[in-house]
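> how would this look folded up:
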Amino acid sequence: MTEKTLAEMQREVDRYISQFKEGYFSPLSMLARMSEEVGELAREVNHRFGEKPKKADEADNSIEMELGDVLFIVICFANSLGIDLAEAHDRVLNKFNTRDADRWTRKNVEP
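Now for the predicted structure:
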């Protein structure tokens, strides 16, 4: 599988959504959908790493697929609001590298 940039993923999702008359959901609907997807991810993580085993009749979802669903709705949300996710990522990483520069214990890196 080839690597994709965030911009490519945003364009790909936009092409997919653009084929439907309904288009993107409203921001509140997308937030609700995102909450649903994060809940499904939490359920899978709890089944795999927590104390709650799956019931015998439960679907065999995966953490990978649930993360994919979360990523899809994040891209939809960004697209609907005209947000460039690569730019948003750069701004957030800059924030972590400045504001939180000394917050965590760095690993010793030998030259």
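
> Could you list the residues in contact with the longest helix anywhere in the chain?
For the chain, the longest helix by residue count, based on DSSP state H, is helix 27-49. The contact list for helix 27-49 (CB atoms under 8 Å, 6 or more residues apart in numbering) reads 24-25, 52-54, 61-63, 66-67, 69-70, 73-74, 76-77, 80-81. All C-beta spots, glycine's among them, are computed from the backbone N, C-alpha and C.

> Just the buried ones from those?
Taking 16 or more other CB atoms under 10 Å as the criterion, what is buried in the contacts of helix 27-49 is 24, 25, 66, 69, 70, 73, 74, 76, 77, 80.

> Helices - which of the residues you listed land there?
Reading helices off those with DSSP H, I get 66, 69, 70, 73, 74, 76, 77, 80.

> pLDDT score for the fourth one?
Per-residue pLDDT puts residue 73 at 98.

> so how far is residue 28 from the closest residue to it other than its chain neighbours?
Nearest residue to residue 73, sequence neighbours excluded (CB to CB, 6 or more residues apart in numbering): residue 34, at 4.8 Å. Per CB to CB, to the nearest Å, residue 34 is found 11 Å from residue 28.

> For the residue nearest the centre of the chain, which residues are in contact?
Nearest to the geometric centre of the chain sits residue 71, at 3.1 Å (CA atoms, centre = their mean). The contact partners of residue 71, taken as CB under 8 Å, 6+ apart, are residue 9.

> just for the chain, where's the confidence low?
Low-confidence segments of the chain (pLDDT under 70): 110-111.

> rerun at 90
1-2, 48, 50-62, 96-111 (pLDDT under 90).

> if we can go back for a sec, the residue nearest to residue 73: neighbour count?
Neighbourhood size, residue 34 [other CB atoms under 10 Å]: 17.

> Now residue 23: closest residue in space, sequence neighbours ignored.
Computed as CB to CB, 6+ apart, the closest residue to residue 23 that is not its neighbour in sequence is residue 17, at 6.2 Å.

> Buried residues of whichever strand or helix holds that neighbour, list them for me.
Following DSSP states H and E, one finds residue 17 within helix 6-18. Residues 6, 9, 10, 13, 17 are the ones in helix 6-18 that count as buried (16+ other CB under 10 Å).
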